[in-house]
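1. Dropping the sequence and predicted coords here.
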Amino acid sequence: MTTANPSLLTPHPSLLITGGAGFIGANFVYYWLKNHPQDRVVVLDALTYAGNLASLHGAQANEQFRFVHGSITDQDLVEEVMQTEKIDTIVHFAAESHVDRSIHGPDPFIDTNIVGTHTLLKVAKKLWLDSPLTPHASHLTHQRFHHVSTDEVYGSLEPGDPAFTETTPYAPSSPYSASKAASDHLVQAYHHTYGLNTTITNCSNNYGPYQFPEKLIPLVITNILESKDLPIYGDGLNVRDWLYVDDHCRGIDLAIHEGTPGEVYNIGGNNEWTNIDIVKLVCSLVDENFASDSGLQQRFPNAPFIRGEKSESLITYVKDRPGHDRRYAIDATKTRNELGYVPQETFETGIRKTIKWYLDNEEWWRQIMDGSYQDWLDTQYGDACEA
Ligand code: NAD
Ligand code: DAU
């Protein structure tokens, strides 16, 4: 392990944010432009089904912001953007991120999560380390490759097991988590072998604005508004550790500015919920919103509340996800002690804000639900049945 980290970043770094049109990436763009207004922010995103330029609408007018449409697997493009923009900090979010999709079709997960990450690493090494101006194998450069990863690389916990720490052995179980584990190992290898200045954060389940409605919380909110079934996989007792997305962004900021090269930091919410409890909570909060806002009753006439029913009545137990990890929980002690990381949003306030965001931003999710995503969903889950 490497030792103390001097202030490695230039005063006003030029950031390449991969996957910045996705859920966490878009939130991170807004977070960074607000908290570091003098920094350059360049997004590289392939705009897959999960990428949405509308999510970056509020950044487009900012002179520090630029969007580049393209894939992280395109080495020439990555090199050109990094040179033109004098990129000294990569914050790597781009990934195929949905476990269910990785089960039905793993190929894009290998291409983007493994090959794409390796392409970025190769270019960073070439431009930051192989140049004659910077000594090879020195991590005392001012550049930083920050890799955004997941708690899923650690595998699955049983109910009384201690939470994941940074030294928990890797045991990924889905094609998604295996591809993220592979990318983590490549990042570590580029630090260890070549001295690339890297940090990795492994985070638990995020929730908040701009999350694609294939993931549990936005799926439940938008399905209630359309009076569609709320599918609960298996017995509904799988546990996830939920974190408001801005707190994840804050943790990444700390890792970039304060983190030691080559180190890994866990980020989590200390907020474990079974799936069925979280779905019931979202149902009751949506009902509460309808009870107090007659405008909602007009805008969403299909919602169960209008028929005098509870949203919970839509809950439907369906076949379990193959290889479904039982429980995730993050121990963020190291990140708290070394970086001063403390989540700021309580779950009570974060989930209320999130529900309000989806109620207020129907246009954003409607264009997704009306498009090809719905076709894909129908082909995968047309066979939903009682468990
Ligand atoms: P997302 O699916 O919402 O967004 C992914 C983004 O990456 C999209 O904008 C997509 O267009 C882009 N992308 C995909 N392939 C690309 C390619 N080849 N080149 C360029 N761009 C490409 O994902 P998310 O939920 O925002 O997750 C972001 C990162 O955070 C991922 O690396 C994920 O593994 C990690 N993570 C997510 C969570 C979570 O709860 N969502 C938790 C921990 C870690
Ligand atoms: O833990 C971090 C991970 O969290 C990230 O690395 C992933 O990118 C992100 O997608 C998320 O993975 P999960 O598989 O935990 O998230 P998802 O929202 O798909 O599912 C959350 C839980 O809810 C999980 O136990 C499966 C269950 N579920 C999900 C859906 C979509 C259901 O019961 N029904 C559903 O319809």
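-> Right, received. Where do you want to start? Ligands and ions are numbered 1, 2, ... in the order given.
2. what number of residues lie near the residue in the stretch 1-150 of the chain positioned nearest to ligand 2?
-> Shortest the stretch 1-150 of the chain-to-ligand 2 distance, computed as C-beta to the nearest ligand atom: residue-wise this is T150, at 3.2 Å. For glycine as for every other residue, the C-beta is placed from the backbone atoms N, C-alpha and C. Here the count is done by other C-beta atoms under 10 Å, and T150 has 22 residues near it.
3. tell me the pLDDT at it?
-> Per-residue pLDDT puts T150 at 98.
4. The chain should start at 779 in everything you say after this.
-> From this message on, residue numbering opens at 779, which makes the last subject T928.
5. Grab the nearest non-local neighbour of it.
-> Distances taken as C-beta to C-beta, 6 or more residues apart in numbering put K958 closest to T928, at 5.3 Å, once the chain neighbours are dropped.
6. Just after the helix or strand harbouring that neighbour, pick out the following helix or strand.
-> Element membership for K958, per DSSP states H and E: helix 953-972. Secondary structure here is assigned by DSSP H and E; on that basis, the next helix or strand after helix 953-972 toward the C-terminus is strand 976-981.
7. Okay, buried residues for that next one please.
-> 976-981 (16 or more other C-beta atoms under 10 Å).
8. Name the nearest of these relative to ligand 2.
-> Proximity to ligand 2 was ranked across those by C-beta to the nearest ligand atom; first place goes to C981, at 6.6 Å.
9. just checking, P1039 is part of a helix?
-> No. The assignment for P1039 is coil, going by DSSP: H, G, I helix; E, B strand; the rest coil, so no helix is present there.
10. any chance you could map the strands in the stretch 929-1078 of the chain?
-> Under the criterion DSSP state E, counting those that start in this stretch, the stretch 929-1078 of the chain carries strands at the ranges 976-981, 983-985, 1008-1011, 1017-1022, 1041-1045, 1050-1052.
11. Tell me which of the ones you listed sits nearest to E936.
-> E936 lies closest to strand 1017-1022 among the strands of the stretch 929-1078 of the chain, at 10.2 Å (C-beta to C-beta).
12. how far does that closest one sit from the chain's center?
-> The offset between the C-alpha centroid of strand 1017-1022 and the centroid of the whole chain comes to 12 Å, using C-alpha atoms, centre = their mean, to the nearest Å.
13. what's next to it, contact-wise?
-> Outside strand 1017-1022, the residues within contact range by C-beta atoms under 8 Å, 6 or more residues apart in numbering are 929, 935, 937, 941, 981-986, 994-995, 1045-1053, 1056, 1104-1108, 1121, 1123, 1125, 1128, 1131-1132.
14. at contact distance from ligand 1, anything in that strand?
-> No. For a cut-off given as C-beta under 6 Å from any ligand atom, strand 1017-1022 has no contacts with ligand 1; the smallest distance is 7.9 Å.
15. Just want the angle from that strand to strand 1041-1045.
-> Inter-element angle recorded for strand 1017-1022 and strand 1041-1045: 100 degrees (by axes from the mean of the first three to the mean of the last three C-alpha atoms, to 10 degrees).
16. does ligand 2 sit close to strand 1017-1022?
-> Yes. Figure legend: strand 1017-1022 in contact with ligand 2 (C-beta under 6 Å from any ligand atom); contacting residues R1018.
17. what is the orientation angle of that strand with strand 976-981?
-> Orientation check (the same axes, to 10 degrees): strand 1017-1022 against strand 976-981 gives 120 degrees.
18. E1141 - how many residues pack around it?
-> For E1141, the neighbour count with other C-beta under 10 Å is 8.
19. Okay, it and I795: tell me how far apart.
-> Relative to I795, E1141 is positioned 24 Å away (criterion: C-beta to C-beta, to the nearest Å).
20. Then V901?
-> If you measure V901 against I795 using C-beta to C-beta, the figure is 15 Å.
21. Give the residue from these two that has the larger number of neighbours.
-> I795 (27 against 24).
22. Give me the local confidence score for that one.
-> On the pLDDT scale, I795 is placed at 98.
23. pretty sure it is in a strand, no?
-> Yes. The assignment for I795, made by three-state DSSP, places it in a strand.
24. From R922, how far out is E1140?
-> From E1140 over to R922 the distance is 38 Å, taken as C-beta to C-beta.
25. Which one of these two is surrounded by more residues?
-> In this comparison of E1140 against R922, neighbours counted by other C-beta under 10 Å, the higher total goes to R922 at 25 against 14.
26. What parts of the stretch 879-1028 of the chain come near ligand 2?
-> If contacts are counted using C-beta under 6 Å from any ligand atom, the residues of the stretch 879-1028 of the chain sitting beside ligand 2 are 928-930, 982-983, 993-994, 997, 1009-1011, 1016, 1018.
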